[in-house]
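Colleague: Structure of the sequence below:
(2 chains)
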Protein chains: 2
Amino acid sequence: MSSKPLKDLVVLDMTRVLAGPYTGMILADMGADVLKIEAPGKGDDARAFGPFVNGESTYYMSLNRDKRSMTLNLKAPEGKEILKALVKKADVLLENFRGGTMEKLGLGYDVLKEINPRLVYSSCTGFGMTGPYKHDPAYDVIVQGMGGIMSITGQENGEPTRVGASIGDITAGLFSAIGVMIALYNRDRTEKGQLVDVSMLDGQVAILENAIARYLNTGIVPKPIGNRHPSITPFESFKTSDGYVIIAIGNDTLWQKFCKLVDRPDLGADPRFTTNPLRTDNQKALKEELEKIFVNKSTDEWLHIIKDAGIPVGPINTVDRVMKDPSVIAHDMIVTTHHPVAGEVKMAGVPIKLSDTPGSVDGPAPTLGQHTREILKQFLSYDDSKIDELYKDHVL
Amino acid sequence: MSSKPLKDLVVLDMTRVLAGPYTGMILADMGADVLKIEAPGKGDDARAFGPFVNGESTYYMSLNRDKRSMTLNLKAPEGKEILKALVKKADVLLENFRGGTMEKLGLGYDVLKEINPRLVYSSCTGFGMTGPYKHDPAYDVIVQGMGGIMSITGQENGEPTRVGASIGDITAGLFSAIGVMIALYNRDRTEKGQLVDVSMLDGQVAILENAIARYLNTGIVPKPIGNRHPSITPFESFKTSDGYVIIAIGNDTLWQKFCKLVDRPDLGADPRFTTNPLRTDNQKALKEELEKIFVNKSTDEWLHIIKDAGIPVGPINTVDRVMKDPSVIAHDMIVTTHHPVAGEVKMAGVPIKLSDTPGSVDGPAPTLGQHTREILKQFLSYDDSKIDELYKDHVL
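Modeller: Purely as a prediction, here's the structure:
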């Protein structure tokens, strides 16, 4: 029997694509019984996103590992009744439809909380359940644009740049997971569930970090500054003969150590570079000097030399290198699932390491509707003939 | 009395700078009594990070709002004893020292769990408590580089680019918050706390999203592709007369609608652009055409025109514009605290909206050691003369 921390939790996962499924994935990794409710015939939109292995979407498979899939037609009256019957047995419901969709289906939080007052209902949308954009569709790139992070990402004097991972979706999925767990903690004390309403745009504002403080206190609108630190130098990336290294020299002692290490006492003595404020003021001149040094050796050579000297350093890993990193491997951060159709599928592992009741990736993503019959039997005690009829009537 | 969901929770927050304090901030917003334990004289390193208002760090103030501050010298034997006495009364301990520091102080998890088996101990480090880098220092930019996100962020054919917010730190802080809440949920069932070990590097791998799947299935190492979508076109940003807009045209019907809207039926009929796969294959040619269109009007004009037509669209907001966004304002995502020294300080609000027991930002960050005396009286029943002596002995 599982000793995972959320093993007694039943989650109805009605989410699609990325943000909502990410929340469900975390709960599933930690042992929750996550029942993915999908539209008959089609399922989660992400099932159509490539790349595919034997026709199965790797995008879908990594976000929905170890969930069970059940098809349900939410437009059919009997489909709505089945959902309500499942809500009675569930602890958590996750949905990330466009704002207003669940209400239009007659399945809004106000309806479902009457059926199960202990239900924790998580809505994850572009712009939240209230406010002027509550019915607008959202895509990661639009939310990244609206939320400010693109305006501070990019090369110096360059274009605003999208973060290469879908940080608008994923951040919202993480805030939703926190909200769901807090609502469950509270339910253990009050016996009452509640609504957890997370907006992707709000999530982006929440991670702007000190850009808001900087703007308000200086009046200067923050812009992209490339890979360097605004007030510590050198604290940035440099081209090597075959890639990049990043060095983080936070004080003058490390700076002198570095100059000695690369056999450039002239730089250590240069009056433009003796203190951190001077190095920051003369960052461009210093960068030109350092570029000439770093381009002479490979990334791995520099990592070796600089790390041995006790100076913080790291590579810019491409994805193939990330997967070979010894710490990433030691922490089981790349895991393999065995999918009935796609075979071996690798994906990112569980970054939250619990000492007593650890999470893990125990099973593959489901094929569409793989568990419809077993879920209806287990939770609603339906028999095969009733289920056959529901299939015939296109309810499942 | 507060009706916040974590109001009965006592958190010892020994964290510094960003990742750990972010976890404590979320718990404080949700009502936990977060006791920030800081080194006498100096405190959290972030107290020295600008910009400053009346000498107080805005960086520190936004991450430590509504916490209480107590000074404690952890190198003094009496300081260690006081910490252990507080651990007896605490539910959660948060720390983000470099790996091995707490053990060296004689305050590692193995020691503290003997004192309080119910303690949830959260360690948030660069590389986790196990593995080959466990003692290495980490900075956000180094972890972003190692974790792969920089290698997929940037303009097409351009340099790998750091995400402009400290996503390495913040993601780890979010995973830690999820881990702490899961451990507390589990404690309600087992009466036992546990260790929550989060590595910043692992957090970066966990948000690489489908880049891992894409690499493994195609063998092609993912690179920066600017602001566009890899397989949907046009789904990217364009320069306007005064800024940028992002459009997200996900299907051929929207494409035809758009061509009509901008009075360019020739583009709608152009055989290079009639279907999404064709538009993606000819993305560069299409971009050139669209650039000529978008540069003729302002961002606000385009937003108005395109949104009215039901096509997903958004601006690239700079931070000043984010703060004026009507949805951001409607959701209280910019809040004001009143600090005893700095006065009015604005910061990002709470993105997790709970319907029954909402969180909120109720108080300013503490000055260094502002609550030392009241905490020692409240939790350990020390009297003033004992506390005076501890001050004299530099324990506080």
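
Colleague: all strands in the stretch 101-250 of chain A, in order from the N-terminus.
Modeller: According to DSSP state E, counting those that start in this stretch, the stretch 101-250 of chain A carries its strands in the segments A:120-125, A:195-199, A:235-239, A:244-248.

Colleague: Kindly report the same for the stretch 251-396 of chain A.
Modeller: In the stretch 251-396 of chain A, the segments counted as strands under DSSP E, counting those that start in this stretch are A:313-315, A:334-339, A:343-348, A:352-354.

Colleague: that older thread, want to throw the strands of the stretch 101-250 of chain A into TSV with mean pLDDT and mean neighbour count?
Modeller: For the C-beta atoms, the positions are set from N, CA and C on the backbone; glycine is no exception. Shown next, in TSV, are the strands of the stretch 101-250 of chain A (pLDDT from 0 to 100; neighbours: other Cβ atoms under 10 Å in any protein chain shown):
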stretch	mean pLDDT	mean neighbour count
strand A:120-125	98	27
strand A:195-199	98	28
strand A:235-239	95	21
strand A:244-248	96	24
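
Colleague: Any idea which of those strands gets closest to residue B:256?
Modeller: For residue B:256, the closest of the strands of the stretch 101-250 of chain A is strand A:120-125, at 27.4 Å, according to Cβ to Cβ.

Colleague: Paired strands for that closest one, with orientation please.
Modeller: Here strand A:120-125 is paired, per DSSP bridges, with strand A:92-95 (parallel), strand A:195-199 (parallel).

Colleague: what about these, which gets the closest to residue A:360?
Modeller: For residue A:360, the closest of the strands paired with strand A:120-125 is strand A:92-95, at 20.0 Å, according to Cβ to Cβ.

Colleague: Please give the centre-to-centre distance between the closest one and its chain.
Modeller: Taking Cα atoms, centre = their mean, to the nearest Å, one finds strand A:92-95 lying 17 Å from the centre of the chain it belongs to.

Colleague: Contacts for that strand next, please.
Modeller: A:9-15, A:20, A:23-24, A:27, A:32, A:87, A:101-102, A:112, A:119-124, A:176, A:180, A:184 (Cβ atoms under 8 Å, 6 or more residues apart in numbering or on different chains).

Colleague: Which members of the residues you listed occur in helices, if any?
Modeller: A:20, A:23-24, A:27, A:87, A:101-102, A:112, A:176, A:180, A:184 (DSSP state H).

Colleague: Which residues are in contact with residue A:295?
Modeller: A:238-241.

Colleague: Could you check the pLDDT of it?
Modeller: If you check residue A:295, the pLDDT there is 97.

Colleague: Same check on the one 3 residues further on?
Modeller: According to the prediction, residue A:298 has pLDDT 97.

Colleague: Quick one: residues contacting the residue nearest to residue A:289 when sequence neighbours are not counted.
Modeller: Once flanking residues are discounted, residue A:289 sits nearest to residue A:267: 6.2 Å by Cβ to Cβ, 6 or more residues apart in numbering or on different chains. Applying Cβ under 8 Å, 6+ apart to residue A:267 gives the contacts A:259, A:273, A:286, A:289.

Colleague: again, only this time at 10 Å
Modeller: Remark: with contacts taken as Cβ atoms under 10 Å, 6 or more residues apart in numbering or on different chains, residue A:267 is in contact with A:255-256, A:258-260, A:273-274, A:279, A:286, A:289-290, A:293.

Colleague: I'd like the residues you listed laid out as CSV, including neighbour count.
Modeller: Output for the contacts of residue A:267, formatted as CSV (neighbours: other Cβ atoms under 10 Å in any protein chain shown):
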residue, neighbour count
A:255, 22
A:256, 16
A:258, 21
A:259, 18
A:260, 13
A:273, 23
A:274, 15
A:279, 22
A:286, 21
A:289, 16
A:290, 19
A:293, 16
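
Colleague: still on that earlier bit, now the ones in helices among the contacts of strand A:92-95 in TSV, please, with extra columns for pLDDT.
Modeller: Listed next are these as TSV, based on pLDDT from 0 to 100:
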residue	pLDDT
A:20	98
A:23	98
A:24	98
A:27	98
A:87	98
A:101	95
A:102	97
A:112	98
A:176	98
A:180	98
A:184	98
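
Colleague: Can you say which two of those residues are spatially most distant?
Modeller: Pairwise distances across the ones in helices among the contacts of strand A:92-95 (Cβ to Cβ) peak at 24.4 Å, for the pair A:101 and A:184.

Colleague: Name the residue in the two with the higher neighbour count.
Modeller: Shown here are residue A:101 and residue A:184; by other Cβ atoms under 10 Å in any protein chain shown, residue A:184 has more neighbours (24 against 17).

Colleague: The more buried one contacts residue B:185, doesn't it?
Modeller: Yes: between residue A:184 and residue B:185 a contact is recorded at 5.7 Å, counting by Cβ atoms under 10 Å.

Colleague: which neighbours do these two share?
Modeller: Counting by Cβ under 10 Å, 6+ apart, the shared contacts of residue A:184 and residue B:185 are A:6, A:9.

Colleague: Residue A:3: neighbouring residues, count only.
Modeller: 11.

Colleague: where along the stretch 151-300 of chain A do the helices fall?
Modeller: Taking DSSP state H, counting those that start in this stretch as the test, the helices found in the stretch 151-300 of chain A are A:167-190, A:200-206, A:210-218, A:252-261, A:265-269, A:276-281, A:283-294, A:299-308.

Colleague: List the buried residues of the lowest-mean-pLDDT helix or strand in chain A.
Modeller: Lowest on mean pLDDT, DSSP states H and E among the helices and strands of chain A sits helix A:210-218, with a mean of 85. The neighbour-count check on helix A:210-218 (16 or more other Cβ atoms under 10 Å in any protein chain shown) flags A:210-217 as buried.

Colleague: which of those sit farthest apart?
Modeller: A:211 and A:217 (11.2 Å).
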